[in-house]
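A.B. asks: Need coordinates for the following:
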Amino acid sequence: MRAFSLAAAAALALGGACGRGEPGPTAAPSVVVAGAPDATFAAASATVSSAAPGVTATGRASFATGVANLKVAPARAPTPFGVTDPIAVVDLLRGVVDVRPYGGSEVQGIGTKRYELDIDVARAVEETPVGRRAPLEAVRPRVGADGRLWAVVFVDAQGRIRRTLVPVKLDSERPAGGDKHIPEFVSVDFYEFGDNQ
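C.D. replies: Numbering: from 1, shown residues only. Coordinates of the predicted model:
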């Protein structure tokens, strides 16, 4: 199982060397992040490993059908946004309004670049195909008064999303400066892309 601890996710979120000699994407950060959902969907499918405090999920997501078949452990409901909604996590990035690059990082042995994001959820809903909007609509009342949330994404050299980190508490503020508060994340990894897996 490729699930990883939230402590490991936090450590990776702070940066690191790229893996396998791959530098990650080289285009402008806003271009990379804007293209990442479509580049990820173009892979047809991926294995998914997600985690939040007290729960993990693993399985396969079909981008062609918009369906993810995940095994959740322990089986419980509800789970935080993203644990069982990897396709919605990809679509959430369609609402990005601000991007800050943070250099290279390795995700599952693959070189990526890390970007911290501000996301307008209403915009994400509008930019997502109608049949996949429901999970994002459910997020809207749970974010701050400005309708935004922040997240972190790791993108590989092919422009595909390899990892996302979304705060469990969607209306939480981003830590800044000497803030010692470390938010809890929902982490979602994508790997083994393509229908031949």
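
A.B. asks: which residues touch stretch 151-162?
C.D. replies: Residues from elsewhere that reach stretch 151-162, judged by Cβ atoms under 8 Å, 6 or more residues apart in numbering: 12-13, 22-26, 32-33, 35-37, 39-40, 43, 90, 92-93, 105, 107-108, 110-117, 119, 163-167, 189-191, 193. Any C-beta I mention is one placed from the backbone N, CA and C, and that applies to glycine too.

A.B. asks: repeat that with 7 Å
C.D. replies: Residues from elsewhere that reach stretch 151-162 (Cβ atoms under 7 Å, 6 or more residues apart in numbering): 13, 22-25, 32-33, 35-36, 39-40, 43, 90, 93, 105, 107-108, 110-117, 119, 163-166, 189-190, 193.

A.B. asks: Filter those down to just the ones in helices.
C.D. replies: Counting by DSSP state H, the members of the contacts of stretch 151-162 that fall within helices are 13, 32-33, 35-36, 39-40, 90.

A.B. asks: Give the PyMOL command for selecting the buried subset of these.
C.D. replies: The PyMOL selection below is limited to those of those classed as buried (16 or more other Cβ atoms under 10 Å):
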select buried, resi 13+32+33+35+36+39+40+90
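
A.B. asks: With pLDDT and distance to residue 63 as extra columns, can I get the ones in helices among the contacts of stretch 151-162 in a markdown table?
C.D. replies: Formatted as a markdown table, those follow (pLDDT from 0 to 100; distance: Cβ to Cβ, whole Å):
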| residue | pLDDT | distance to residue 63 |
| --- | --- | --- |
| 13 | 37 | 25 |
| 32 | 96 | 18 |
| 33 | 97 | 18 |
| 35 | 97 | 15 |
| 36 | 97 | 13 |
| 39 | 97 | 11 |
| 40 | 97 | 7 |
| 90 | 97 | 8 |
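
A.B. asks: From the contacts of stretch 151-162, list just the buried residues.
C.D. replies: Using 16+ other Cβ under 10 Å as the burial test, the contacts of stretch 151-162 include 13, 22, 24-25, 32-33, 35-36, 39-40, 43, 90, 93, 105, 107-108, 110-117, 119, 163-166, 189-190, 193 as buried.

A.B. asks: Could you list which of those residues belong to strands?
C.D. replies: Using DSSP state E, the subset of the buried ones among the contacts of stretch 151-162 located in strands is 105, 107, 110-117, 119, 163-166, 189-190.

A.B. asks: What is the burial count for the residue nearest to residue 119 when sequence neighbours are not counted?
C.D. replies: Ranked by Cβ to Cβ, 6 or more residues apart in numbering and with sequence neighbours excluded, the top spatial neighbour of residue 119 is residue 95, at 4.6 Å. A count of nearby residues for residue 95, using other Cβ atoms under 10 Å, gives 23.

A.B. asks: Show me what counts as buried in stretch 47-59.
C.D. replies: Residues of stretch 47-59 classed as buried: 47-52, 55-58 (neighbour count, 16+ other Cβ under 10 Å).

A.B. asks: Between these, which sits nearest residue 174?
C.D. replies: residue 52 (18.2 Å; Cβ to Cβ).
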